[in-house]
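1. generate coordinates for the sequence data below:
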Amino acid sequence: MEYYQHDLALVHARGFGQHADRCAPGLLDLLAPVRGGLVLEVGCGAGALTRHLLAAGHRVIATDGSAAMVSLARAALGPEVDVRRLTLPDDPLPTADAVVSVGHVISYLPDAAAVDRALAAMAGALRPGGVLAIDICDLEFGRVRAGEANRGLAGPDWAVITEFSIPAPEVFVRDVTTFVPDGAGAWRRGTERHENVLVDTSLIPALLAAHGVTATVGTSFGAAELPPGMRAVTGVRS
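-> Below is the predicted model of the structure:
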């Protein structure tokens, strides 16, 4: 399935850039050793984090697996920014001085094996001294949200209702209903089902070490704390 089709991508771009804004200060501090280098951003969405990276002087290849998100990012960032469609874990990654990702992008992969392959691919894309900084959902992400009530949010020209379920300890599901203007005076309703795979993040440092990256797992990128159950994986390639 393809996540973030047109309507949900639009809603996300208009109402959900806060996570990237909160993560940006800590991420930029982590990237200071490679300032001016090439940053590969995985899961750029509509470019919320990309703007911070560019403003800090990094060259960026911004990628996303959603065609709708890629279109929004290109429109928002302009033609001078390299925005590409890229799907983990199998699409080849360009070599970079840093690989970053926020919004638990690799938690959208189908299973833990795919997550491991994506992590290995990210490690392999780093130049010596390169920095890895991503967030990912731990098994705790589901445990702390057990029984969470449905949620509705709205903006001037969008609305979204999200229903949560945990069918297995390693699976967190969002059933998302969107409402956006249809251009003819009414509202269009759309639905998507998002399934996130939850993993034991304590195993990630050993996996990355086997691919040349010394990494740690924490609850922030050094500034604002991540949401409960989400983890920051940061490391450097030897």
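
2. what does stretch 55-68 contact?
-> Stretch 55-68 is contacted from outside by 2-6, 9-10, 28, 31, 34-45, 47, 50, 53-54, 70, 73, 77, 81-88, 94, 96, 98, 108, using CB atoms under 8 Å, 6 or more residues apart in numbering. (Glycine included, C-beta is placed from N, CA and C.)

3. for it, the distance to its chain's centre please.
-> From the chain centre to the centre of stretch 55-68 is a distance of 11 Å (CA atoms, centre = their mean, to the nearest Å).

4. can you measure across it, start residue to end residue?
-> Start-to-end span of stretch 55-68 (CA to CA, to the nearest Å) is 24 Å.

5. what is the neighbour count of the spatially closest residue to residue 211 that is not a sequence neighbour?
-> The spatial neighbour of residue 211 that comes closest, neighbours along the chain excluded (CB to CB, 6 or more residues apart in numbering), is residue 123 at 3.8 Å. Residue 123 is flanked by 22 other residues according to other CB atoms under 10 Å.

6. mind listing what's buried along the helix or strand hosting residue 123?
-> Secondary structure assigned from DSSP states H and E places residue 123 in helix 112-125. By 16 or more other CB atoms under 10 Å, the buried positions in helix 112-125 come out as 114, 115, 116, 117, 118, 119, 120, 121, 122, 123, 125.

7. picking up where we left off before, which among the contacts of stretch 55-68 end up buried?
-> Listed as buried from those are 3-6, 9-10, 28, 31, 34, 37-45, 47, 50, 53-54, 70, 73, 77, 81, 83, 86, 88, 96, 98, 108; burial here means 16+ other CB under 10 Å.
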